[in-house]
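Enquirer: Structure for this input, please:
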Amino acid sequence: MYGYDATMLYLIDSSIYIFRAYFSLPDTLVDRDGRPANATYGFARFLCDVLEGEQPGYIAATFDESLTTSFRNDIYPAYKGNRELPPPELEYQLNGCRELAAALGIACFAHDRYEADDLVGSLAERYRDQVGGVTIISRDKDLAQLLAADDWFWDFAAAKRFRGADTAQHFGVHAGQIADLLALAGDSVDNIPGVAGIGRKSAVALLQHYGTLEALYKQLDTVALLPLRGAKRMATLLTEQREAAFMCQQLTRIALDAPVGDDLTSVEWALPDKARLNDLLDKLSFGSGLRSRLMALA
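Expert: Coordinates of the predicted model:
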């Protein structure tokens, strides 16, 4: 069972919770200028729950500013090409969500070349050895590839957490194999094609046998001999789509070298800026209940 630990570094994949709030809360929630504030309100409530419940010693929130400019778009221009840009009513609120997180004393990170996932990965890589562990707060299971054995993945909306050591129980492969799983099976959410004809079940079986994509291709001549249904066809597909497989691996691997600084104090949960927070809450016109909770954090 997990326990609360002031030495834990909490890393928030913010976009998921912002979008969730926008689509689940009514647009009758507006700021003092009459503009929608539903996403900001929901995100504020989420942050409040996390901060009240965990009392973290270290925490950071990552945001996406690379919807069309990620380094992955250079590798594969169609990357995430199936996604629509945020509607104006939501786009307006994205800055407000980031401003709110900062006012609450949460370190905020965004980059025009690296996605929020890459910033989470880079923060975990940079600071894991300096803290008591990492908890990734997200619904995006792709981020499980970042987990060390003693780290936690927290699907806040589903109220579920699991340790990095237990990743295989959830996905059939270990954390370090998830990027290769997605490279083989594809990821329709991000418009990553994978190896056409290789489904998730087959990809899991291949990685359970070979370990990595590289090892699979080094022993490609043995795939047809595996006691798997359609093994010969899989061998042919893998041979024909070798270039695609490794291109997809570049897309599915989360970068660990994004610029996130090297000073642990930068991700300490600072005392919220009471004056800044008060002014922002005036602008957002939050109700007294949530406003009281947020101000109590300061």
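Enquirer: any low-confidence regions in the protein?
Expert: 1-4 (pLDDT under 70).
Enquirer: domain assignment for it?
Expert: Following automatic domain parsing, one gets these domains for the chain: 9-171+258-296, 175-252.
Enquirer: end-to-end on the longest one?
Expert: Put plainly, it is domain 9-171+258-296. Terminal residues of domain 9-171+258-296 are spaced 22 Å apart (CA to CA, to the nearest Å).
Enquirer: re the thing from before, need the domains of the chain in CSV with mean neighbour count, can you?
Expert: For the C-beta atoms, the positions are set from N, CA and C on the backbone; glycine is no exception. CSV is the format used below for the domains of the chain (neighbours: other CB atoms under 10 Å):
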stretch, mean neighbour count
domain 9-171+258-296, 18
domain 175-252, 18
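Enquirer: Isn't Ile18 up against Tyr92?
Expert: No: taking CB atoms under 8 Å as the definition, Ile18 is not a contact partner of Tyr92, at 11.8 Å.
Enquirer: quick one, strands of the stretch 101-250 of the chain?
Expert: Under the criterion DSSP state E, counting those that start in this stretch, the stretch 101-250 of the chain contains strands at 107-109, 134-137, 152-155, 160-163.
Enquirer: any idea how far the shortest one is from the chain center?
Expert: A distance of 14 Å separates the centroid of the chain from that of strand 107-109, by CA atoms, centre = their mean, to the nearest Å.
Enquirer: what pairs with that strand, and is each one parallel or antiparallel?
Expert: strand 58-62 (parallel) (DSSP bridges).
Enquirer: Quick one: residues in contact with the strand it pairs with.
Expert: Around strand 58-62, the neighbours that count as contacts under CB atoms under 8 Å, 6 or more residues apart in numbering are 7-14, 47, 50-51, 98, 101, 106-110, 116-117, 119-120, 123, 127, 131, 264, 267-269.
Enquirer: State the next helix or strand along the chain beyond that strand.
Expert: Per DSSP states H and E, the first helix or strand lying C-terminal to strand 58-62 is helix 71-75.
Enquirer: pull the CA atoms of that following helix into CSV?
Expert: Written as CSV, here are the backbone C-alpha positions of helix 71-75 (Å, rounded to 0.1, in the frame of the first residue of the first chain):
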residue,chain,number,x,y,z
PHE,A,71,10.4,17.2,-32.4
ARG,A,72,8.2,14.2,-33.2
ASN,A,73,6.5,16.2,-35.9
ASP,A,74,10.0,16.5,-37.6
ILE,A,75,10.3,12.7,-37.5
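Enquirer: Residues contacting it, please?
Expert: With CB under 8 Å, 6+ apart as the test, helix 71-75 has contacts from Tyr79, Lys80, Arg113, Tyr114, Glu115, Met247, Gln250, Leu251, Ala255.
Enquirer: I'd say Asn278 and Met295 touch.
Expert: Yes: using CB under 8 Å, Asn278 makes contact with Met295 at a distance of 6.9 Å.
Enquirer: on that earlier part again, next, format the strands of the stretch 101-250 of the chain as a markdown table and append distance to Leu238.
Expert: Shown next, in a markdown table, are those (distance: least, CB to CB, whole Å):
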| stretch | distance to Leu238 |
| --- | --- |
| strand 107-109 | 37 |
| strand 134-137 | 31 |
| strand 152-155 | 30 |
| strand 160-163 | 31 |
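Enquirer: how close does Ile59 get to Val134?
Expert: 11 Å (CB to CB, to the nearest Å).
Enquirer: residues contacting the most far-flung residue of the chain relative to its centre?
Expert: Each residue of the chain has a distance to the centre, and by CA atoms, centre = their mean the biggest one is for Leu225: 37.4 Å. For Leu225, the contact set (CB under 8 Å, 6+ apart) comprises Ala231.
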